[in-house]
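Colleague: just to be clear, the model below is a prediction. Sequence and coordinates:
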Amino acid sequence: MKKRIFSGVAPSGTIHIGNYLGALKNWVKLQDEFESIFCVVDMHAITLPRDPEELKRKTLDVAKIYLASGIDPAKCSLFIQSHVSEHAELSWILNTIAKTGELSRMTQFKDKSELATGNKDLSESVPLGIFNYPILMAADILLYDTNLVPVGEDQLQHIELTRILAKRFNNKFGETFVIPEGHVQKEGMRIMGLDDPTKKMSKSAASEYNYIALTDDEETVRRKIKKAVTDSGSEIVYRDDKPALMNLINIYSLLSDISAKEIEKKYEGKGYAEFKSDLADIVVEFLKPFQKKIAELSDEKVLEILLEGAKKVRPIAKTKLDEVKKKIGFII
Ligand code: AMP
Ligand code: TRP
């Protein structure tokens, strides 16, 4: 039997090349080797306030991005989280075995609650959904007996919590859940912000100069790369003390399959201007066919694929949830 992978992206903010290089690119590779389930996690998106029309739009747009990246519905299941209500049900049950302390230690919770309140005071105004977001993620993963969860590095803490909850449930009620493992692709694991190489490129960044969106047009890409911060000095070198350059070289390398060493060599004696101009060419060339595919996908076609995906995975989720319900003493 093939091992199973599960992963998802929330339809919020702007999907960027960090999401592609850190997550999607890896999924596309893995779908040949594993039984793959990919999800648009709309229930995670509403942990911060969203405009309903925009949420609908983004849900389809994220699915289009999956498909344009090379996720193939003939090889895997692709669906919308809220279409399979077992996710919400299992999430409630897992809530009852998780501890508040475990959740308050999650770094994404700390970051997001600052975002929600505008300060470091985790006060009355932090939405509860941000707090137990990782439990819903655990439910997503555990419902499908997932073996591997391909994500960017920032999600490993949530996967660790998933493992803890699964083991706790198994100990209390008997073997029920497969203990999943995170799967991080080394190179793309952390693409940093173009405006600040000490922070990761982020969907919810305040400035558009933080990221290159997968939907950015050529002019925007060139403007953003031109403006990207660089380190002091002028040589193109891949070194820890030059984090901005390291990040740009990483992006260059991942999109062109030229190693960092070769890139250093190629730009010996040359300056930032030439390097950046070539990098912009590479990003633009990468985005062109990608955006063409997105434009060719109609909303109707994508929704059809998503509904088909939900139909395929629902029985798996239902079987697992029924098992859980029986074990905890619900009458089913
Ligand atoms: P998010 O943008 O937080 O919804 O994340 C969606 C997926 O993209 C997750 O698997 C993340 O780990 C991954 N990801 C997000 N930002 C980055 C980044 N800057 N570099 C690498 N991977 C990322
Ligand atoms: N929390 C993940 C993120 O922010 C998205 C996500 C939700 C996810 N459920 C998941 C990822 C299950 C992997 C598996 O990126």
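Modeller: Good, I have the coordinates. Numbering: from 1, shown residues only. Ligands and ions are numbered 1, 2, ... in the order given.
Colleague: C-alpha only now, for contacts and for neighbours.
Modeller: Will do.
Colleague: and the residue lying closest to A205 once chain neighbours are set aside, what is it in contact with?
Modeller: Excluding the flanking residues, the one nearest A205 by Cα to Cα, 6 or more residues apart in numbering is Y211, at 7.9 Å. Residues in contact with Y211 (Cα atoms under 8 Å, 6 or more residues apart in numbering) are H16, I17, G18, G193, L194, M201, S202, K203, A205, K224.
Colleague: between the residues you listed, which is nearest F34?
Modeller: Using Cα to Cα, G18 comes nearest to F34 of those, at 23.0 Å.
Colleague: okay, and the closest one sits in which element?
Modeller: Under the criterion of DSSP states H and E, G18 resides in helix 17-19.
Colleague: could you report the neighbour count for K266?
Modeller: When neighbours are defined as other Cα atoms under 10 Å, K266 has 12 of them.
Colleague: quick one, phi/psi of L78?
Modeller: phi -130, psi 120 (degrees, to the nearest 10).
Colleague: just R168 next, same as before
Modeller: phi -60, psi -40.
Colleague: make residue 1 into 49 and carry on from there
Modeller: In the new numbering, first residue 49, that becomes R216.
Colleague: check contacts around it.
Modeller: Going by Cα under 8 Å, 6+ apart, R216 touches I145.
Colleague: what about 10 Å?
Modeller: Each residue near R216 by Cα atoms under 10 Å, 6 or more residues apart in numbering is listed here: L142, I145, A146, T210, G222, F225.
Colleague: repeat for A71
Modeller: Residues near A71 by Cα under 10 Å, 6+ apart: 55-57, 65, 198-201, 231-233, 236-238.
Colleague: hang on, the earlier thing: need the contacts of Y259 in JSON lines with neighbour count and distance to ligand 2, can you?
Modeller: Below are these laid out as JSON lines (neighbours: other Cα atoms under 10 Å; distance: Cα to the nearest ligand atom, whole Å):
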{"residue": "H64", "neighbour count": "20", "distance to ligand 2": "12"}
{"residue": "I65", "neighbour count": "24", "distance to ligand 2": "14"}
{"residue": "G66", "neighbour count": "25", "distance to ligand 2": "11"}
{"residue": "G241", "neighbour count": "25", "distance to ligand 2": "16"}
{"residue": "L242", "neighbour count": "26", "distance to ligand 2": "20"}
{"residue": "M249", "neighbour count": "23", "distance to ligand 2": "12"}
{"residue": "S250", "neighbour count": "22", "distance to ligand 2": "10"}
{"residue": "K251", "neighbour count": "20", "distance to ligand 2": "10"}
{"residue": "A253", "neighbour count": "14", "distance to ligand 2": "14"}
{"residue": "K272", "neighbour count": "20", "distance to ligand 2": "24"}
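Colleague: for PyMOL, what selects the buried ones among the contacts of R216?
Modeller: Applied in PyMOL, the following selects the buried portion of the contacts of R216 according to 16 or more other Cα atoms under 10 Å:
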select buried, resi 142+146+210+225
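Colleague: is V89 in contact with S60, as I believe?
Modeller: Yes. V89 lies in contact with S60 (Cα atoms under 10 Å); the separation is 9.4 Å.
Colleague: point me to the residue of the stretch 99-248 of the chain nearest ligand 2.
Modeller: Residue of the stretch 99-248 of the chain nearest ligand 2, by Cα to the nearest ligand atom: M185 (4.0 Å).
Colleague: the helix or strand containing that residue and ligand 1, are they touching?
Modeller: Per DSSP H and E: M185 is located in helix 176-190. No. Using Cα under 6 Å from any ligand atom, helix 176-190 stays clear of ligand 1, coming no nearer than 11.7 Å.
Colleague: so which elements touch the helix or strand just after that helix?
Modeller: Where DSSP H and E defines the elements, the next helix or strand beyond helix 176-190 is strand 196-198. Strand 196-198 is packed against strand 52-57, helix 73-78, strand 83-88, helix 204-221, strand 229-231, with contacts defined by 3 or more Cα pairs under 10 Å, 6 or more residues apart in numbering; DSSP states H and E.
Colleague: mind redoing it with 6 Å?
Modeller: On a contact count with 3 or more Cα pairs under 6 Å, 6 or more residues apart in numbering; DSSP states H and E, strand 196-198 meets strand 52-57, strand 229-231.
Colleague: just say which of those is most tucked in.
Modeller: Ranked by mean neighbour count under mean count of other Cα atoms under 10 Å, the helices and strands packed on strand 196-198 are led by strand 52-57, which reaches a mean of 24.
Colleague: where in the chain is pLDDT low?
Modeller: For the chain, applying pLDDT under 70 flags the ranges 163-171, 235-237.
Colleague: just the closest residue of it to ligand 1, please.
Modeller: The chain approaches ligand 1 most closely through G200 (2.8 Å), counting by Cα to the nearest ligand atom.
Colleague: ok, that residue to N67 distance?
Modeller: 8 Å (Cα to Cα, to the nearest Å).
Colleague: what do you get for M49?
Modeller: The gap separating M49 from N67 is 29 Å, by Cα to Cα.
Colleague: which of those two has more neighbours?
Modeller: For M49 and N67, the more surrounded residue by other Cα under 10 Å is N67, and the numbers stand at 23 against 5.
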